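Novice: Build me a model from this:
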Amino acid sequence: MNKNFTRLLIGSGESSPEIRYLTGISTPDDFICFETPSGVTALMSKLEISRARSCAKPGVAVLPESDFGTSRQEIITGAAKIFNTNCFEVPPEFPLGLAEKLNASGIKLHVSESDFCPGRRSKDKQELQAVIDSQRAGEAGFSRAVKVLEEATISPDGLLIWNGETLTSEILRAEIDCTILKHNALPTGTICAGAKQSSQPHNQGSGPLYAHTPIVMDIFPRSSVSGYWGDLTRTVVKGKAPEIVKRAYEAVKEAREYAKSKIALNVSCASIHLAAESILEKHRFFTGTSDGEPFGFFHGLGHGVGLEIHESPRLSPRSKDILTGGEIFTVEPGVYYPEWGGIRLEDLIYLAPDGEVHCLTRAPDFLEIF
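Specialist: Model prediction:
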């Protein structure tokens with residue numbers, strides 16, 4: 001934070017993690033927020049002000065925006081007079097059209113060149129518990145999926161049959177998502193990708209699911225109470241896994257566990273990624289491109305999880321991040337080959353400020369379901 005500027009944000013508590021972090025207020029509509037060395041002020045509409053006051057973090061001043069003007073430009077200009085400033089520090093995503101109007105009226109804006117809320121990276125006990133709660137919701141969804149797959153039968157042509165009909169990615173995803181909703185969390189883009197679709201890491205999956213092929217399930221619910229996320233990936237096979245899938249599964253699992261053993265204070269995130277990559281290469285699962293399509297381990301090892309599903313720190317070969325304690329992040333190596341599918345196994349890790357490493361994931365590891 002630049003101490004020479006009052007900081008200005010515009011966004012909703014649902015879409016802006018910085019607004020949610022600073023104020024504790026979640027709204028569907030955008031509102032204006034200021035941060036000064038003396039505290040945080042949120043300007044709310046009549047529609048939201050009572051609720052905002054009841055849920056705002058201690059010390060956050062919640063004031064009616066109508067006291068400052070009618071348009072955003074008027075409100076910010078009026079607030080500038082009260083704060084005795086004509087300069088605001090804003091995040092890179094600040095609305096361009098509004099910025100031009102403010103500049104024309106004499107308000108100077110300085111775009112932040114670093115994380116706008118660097119404190120978000122280190123989670124306190126309340127934030128840690130919020131992530132754990134979301135993780136448990138995701139694990140409940142995974143357990144439901146396993147139950148469905150256990151109940152499914154295999155048709156002569158290899159299709160999975162459940163409740164008298166073909167089991168599809170859509171049906172399995174719906175079972176996961178409904179379970180997550182029952183645990184007071186919101187499912188968002190749950191992945192249930194089978195067979196060759198599992199070789200595309202962000203393919204949500206569609207159509208019939210088949211026996212004896214990988215099914216990647218990536219489940220990342222967001223708490224409807226706190227706004228914090230969880231993240232879990234497991235890969236399973238209904239029936240007997242081919243030998244190549246078994247070897248890939250064991251290699252990915254070993255890579256994940258080896259990477260977790262390298263987590264410590266003051267360790268570079270890039271080195272942890274490279275540690276996982278070395279295990280996969282040891283097992284001869286190499287990374288490259290064939291006919292323009294990538295194969296192998298071609299994504300980062302992990303990412304921070306909090307008020308965003310992808311935030312700092314980043315565990316990738318190009319990352320400059322160093323672990324300093326308090327971070328929650330994923331460790332999720334994977335290998336992907338279009339000819340047979342993919343394997344990804346993801347655990348959620350908390351590195352405590354004292355250096356102790358905690359795995360927040362309780363979901364079991366297994367490949368085959370009979």
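Novice: For the rest of this, base every contact and every neighbour count on C-alpha atoms.
Specialist: Will do.
Novice: and Thr233, how many neighbours?
Specialist: 25 (other C-alpha atoms under 10 Å).
Novice: From Val335, how far off is the nearest residue to Phe298 once chain neighbours are set aside?
Specialist: Leaving aside its sequence neighbours, Phe298 sits nearest to Thr287 (C-alpha to C-alpha, 6 or more residues apart in numbering; 6.5 Å). Per C-alpha to C-alpha, to the nearest Å, Thr287 is found 8 Å from Val335.
Novice: is it true that Tyr249 lies in a helix?
Specialist: Yes. With DSSP: H, G, I helix; E, B strand; the rest coil as the criterion, Tyr249 is part of a helix.
Novice: what residues are up against it?
Specialist: For Tyr249, the contact set (C-alpha atoms under 8 Å, 6 or more residues apart in numbering) comprises Ile343, Arg344, Leu367.
Novice: Where in this protein is the helix or strand with the lowest mean pLDDT?
Specialist: helix 72-82 (a mean of 92; mean pLDDT, DSSP states H and E).
Novice: Show me how far it is from its chain's centre.
Specialist: In terms of C-alpha atoms, centre = their mean, to the nearest Å, the centre of helix 72-82 is found 34 Å from the chain centre.
Novice: Pull the CA coordinates from the helix or strand just after that helix and hand them back as PDB.
Specialist: The helix or strand immediately downstream of helix 72-82 is strand 87-90, counting by DSSP states H and E. Coordinates of each C-alpha in strand 87-90 appear next as PDB, following Å, rounded to 0.1, in the frame of the first residue of the first chain:
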ATOM      1  CA  CYS A  87      -5.500  11.300  -5.000                       C
ATOM      2  CA  PHE A  88      -6.700   7.700  -4.800                       C
ATOM      3  CA  GLU A  89      -4.800   4.400  -5.200                       C
ATOM      4  CA  VAL A  90      -6.900   1.900  -7.200                       C
END
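Novice: neighbouring strands for strand 87-90, and are they parallel or not?
Specialist: Strands adjacent to strand 87-90 in the sheet, as given by DSSP bridges, are strand 6-11 (parallel), strand 108-111 (parallel).
Novice: Output the ones you listed as CSV; include the columns mean neighbour count, distance to Thr77 and mean pLDDT.
Specialist: Below are those laid out as CSV (neighbours: other C-alpha atoms under 10 Å; distance: least, C-alpha to C-alpha, whole Å; pLDDT from 0 to 100):
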stretch, mean neighbour count, distance to Thr77, mean pLDDT
strand 6-11, 22, 12, 94
strand 108-111, 17, 11, 94
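Novice: out of those, which comes closest to His358?
Specialist: strand 6-11 (33.4 Å; C-alpha to C-alpha).
Novice: what distance separates the start and the end of stretch 223-230?
Specialist: OK, stretch 223-230 end separation, C-alpha to C-alpha: 8 Å.
Novice: May I see the buried residues of it?
Specialist: Ser223, Ser224, Ser226, Gly227, Tyr228, Trp229, Gly230 (16 or more other C-alpha atoms under 10 Å).
Novice: And stretch 49-64, by the same measure?
Specialist: So for stretch 49-64, counting by 16+ other C-alpha under 10 Å, buried means Ile49, Ala52, Arg53, Ala56, Lys57, Val60, Ala61, Val62, Leu63, Pro64.
Novice: out of the residues you listed, which are inside helices?
Specialist: Ile49, Ala52, Arg53 (DSSP state H).
Novice: May I see these arranged in JSON lines, with distance to Val245 and pLDDT as well?
Specialist: Listed next are these as JSON lines, based on distance: C-alpha to C-alpha, whole Å; pLDDT from 0 to 100:
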{"residue": "Ile49", "distance to Val245": "55", "pLDDT": "95"}
{"residue": "Ala52", "distance to Val245": "51", "pLDDT": "95"}
{"residue": "Arg53", "distance to Val245": "54", "pLDDT": "96"}
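Novice: Rebuild those as a markdown table, extending it with distance to Glu93.
Specialist: What follows is these, written out as a markdown table (distance: C-alpha to C-alpha, whole Å):
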| residue | distance to Glu93 |
| --- | --- |
| Ile49 | 25 |
| Ala52 | 24 |
| Arg53 | 26 |
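Novice: Please name the bridge partners of Val40.
Specialist: Counting by DSSP bridges, the residues bridging with Val40 are Glu35.
Novice: Can you read off the pLDDT for it?
Specialist: Predicted confidence (pLDDT) for Val40: 96.
Novice: quick one: it from Ala80, how far?
Specialist: 14 Å.
Novice: Repeat that for Asp347.
Specialist: 46 Å.
Novice: now stretch 299-318: how far from the chain's centre is it?
Specialist: 8 Å.
Novice: what's the most distant pair in the buried residues of stretch 49-64?
Specialist: Lys57 and Pro64, at 16.8 Å, using C-alpha to C-alpha across the buried residues of stretch 49-64.
Novice: And Gly141, how close does it get to Gly207?
Specialist: For Gly141 relative to Gly207 (C-alpha to C-alpha), the value is 20 Å.
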